[in-house]
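> just the structure for this:
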Amino acid sequence: MRCPECTLALTLPPLAHRQKALCPRCGYQLTQYRNQALDKVLAYSLAALCFLGASLPFDFMIFSSRGQFQTISIPLSISTLMEQDYLLLAAVQIMAIYLLPACILLGLIYLCLFLRRDRYPPRGAWVKRLIYAMLPWSMAEIFLVGALISLIKMNDIAEIHLGMSFYAYLIFTLCFIAVLYYLDEHQLVEQLRHSGQERWQKAQRQPKPPGRMIQRTWALLLAATILYIPANLLPIMNTRLLGRDDPSTILSGVVKLWQNGSYPIAVIIFVASLLVPVSKLLVLGWLTYSIQRQSRMLKKWRTHLYRITDFIGRWSMLDVFVVAILVSLVQMGNTMAVYPGPAAIAFAAVVIITMLAANSFDARMIWNPKLDEK
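Below you'll find the model as predicted:
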């Protein structure tokens, strides 16, 4: 095989339980072998899918203030956003926390059921590619953290209780994390190849040649930078209390949390919504520029930096989920209500575009910048 990040040709030795194989040049983890991993992926996928379905029909949170009560379920949360014409926020929420995780789980269950019988699943290569394409956009754990932050933010002015759906979604998230822990792409590929050598080879597409992605990455970074300005200057959320509006930007929301003594939450929001997006834009810009200059310095360090940037970038969606949850939860007319600000749309677009920019960046060119010329 070849390392996916530095293209070094490698021969993998047999691995014992929990042993990892790392690329000797760039340090990329090629695979990790675990005994009975396929059975565990199947078991946790089935459990996760059951709890995901169980989180739909019940109350997610219960909000009470001044004798008034408001309950929210996840389907109601999405429909509330759609009724207020915030279709992008509704689409992001339903795709990231329900549809994509469900499709990933169904795809894994499908593959595992065939592979356990040592049979090649029809269109198995296509299903495997689809699963790994959807994985970065599944944000169940980020949504759950956003729900907890929403609870803390509103705790001073109202009572919030957790419903049965919250606990069902919590167990689903833990099971989903366990699925990802036992899932290994290389081991899955080997099992697919072993179950149907000829059908697997026929289904393989020629890998895309590296390079010719620099212009696309620059275009996406430019678009994200332009959108990041209104995302920080305009209000991301507007709170109406007894007929008075209190708009807040991302930074002012962090300041309020800090002043109220919620220091850990203030730090989390600051890192996820301010530090991470700026760092990601700067790092991706610098990496792209270094490739254009055909720099051969600090190759391993730049590769590690790209991995970190690509991993943490999705957590910037945290503030968007907080706004979406509060908008759905707090709707009591002029007494108390929360509405998304124009910055919510801009910031969601920034996160999506920066993720696309990271996906379009070709880490192989760090090790061979001249690949862009081929």
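
> my guess is residue 232 contacts residue 250, does it?
Yes. Residue 232 is in contact with residue 250 according to Cβ atoms under 8 Å; the separation is 5.9 Å. For glycine as for every other residue, the C-beta is placed from the backbone atoms N, C-alpha and C.

> out of these two, which sits in the busier spot?
The neighbour comparison of residue 232 against residue 250 (other Cβ atoms under 10 Å) goes to residue 250, with 26 against 19.

> in this structure that one contacts residue 343, no?
Yes. Using Cβ under 8 Å, residue 250 is in contact with residue 343, at 7.0 Å.

> overlap in contacts, these two.
In terms of Cβ atoms under 8 Å, 6 or more residues apart in numbering, residue 250 and residue 343 are both contacted by the residues 231, 232, 236.

> residues contacting the first one?
It stands for residue 231. With Cβ under 8 Å, 6+ apart, residue 231 has these contacts: 250, 343, 346, 347, 349, 350.

> in those residues, which residue is surrounded by the most others?
For these, neighbours tallied by other Cβ under 10 Å; top is residue 350, 28 neighbours.

> got a pLDDT number for that residue?
As predicted, residue 350 sits at a pLDDT of 92.

> got it, and residue 210?
For residue 210, pLDDT reads 50.

> can you map out the strands along the stretch 51-200 of the chain?
In the stretch 51-200 of the chain, the segments counted as strands under DSSP state E, counting those that start in this stretch are 61-65, 68-72, 159-162.

> what helices and strands are in contact with the second one?
Here strand 68-72 touches strand 61-65, helix 318-329, strand 331-332, going by 3 or more Cβ pairs under 8 Å, 6 or more residues apart in numbering; DSSP states H and E.

> between the ones you listed, which one is nearest to residue 24?
helix 318-329 (36.2 Å; Cβ to Cβ).

> off-centre distance for that closest one?
Between the centre of helix 318-329 and the centre of its chain there are 16 Å (Cα atoms, centre = their mean, to the nearest Å).

> same question for that helix, mean pLDDT?
On average, helix 318-329 scores 82.

> what separates residue 313 from residue 267, distance-wise?
Applying Cβ to Cβ, to the nearest Å, the value for residue 313 to residue 267 is 18 Å.

> ok, these two, which is more surrounded?
residue 313 (23 against 14).

> now for the more buried one: which residues touch it?
276, 277, 280, 351, 354, 355, 358.

> the third one touches residue 311, doesn't it?
No. Proximity of residue 280 to residue 311 does not meet the contact threshold set by Cβ under 8 Å, at 10.5 Å.

> buried set for stretch 297-305?
Neighbour counts over stretch 297-305 (16 or more other Cβ atoms under 10 Å) mark 299, 302, 303, 305 as buried.

> cool, and stretch 356-373?
356-369, 371-372.

> where does pLDDT dip in the stretch 51-200 of the chain?
65-68, 156-158, 197-200 (pLDDT under 70).

> and the helices in it?
Applying DSSP state H, counting those that start in this stretch to the stretch 51-200 of the chain gives helices spanning 74-83, 87-94, 100-115, 124-134, 140-154, 164-182, 185-195, 197-203.
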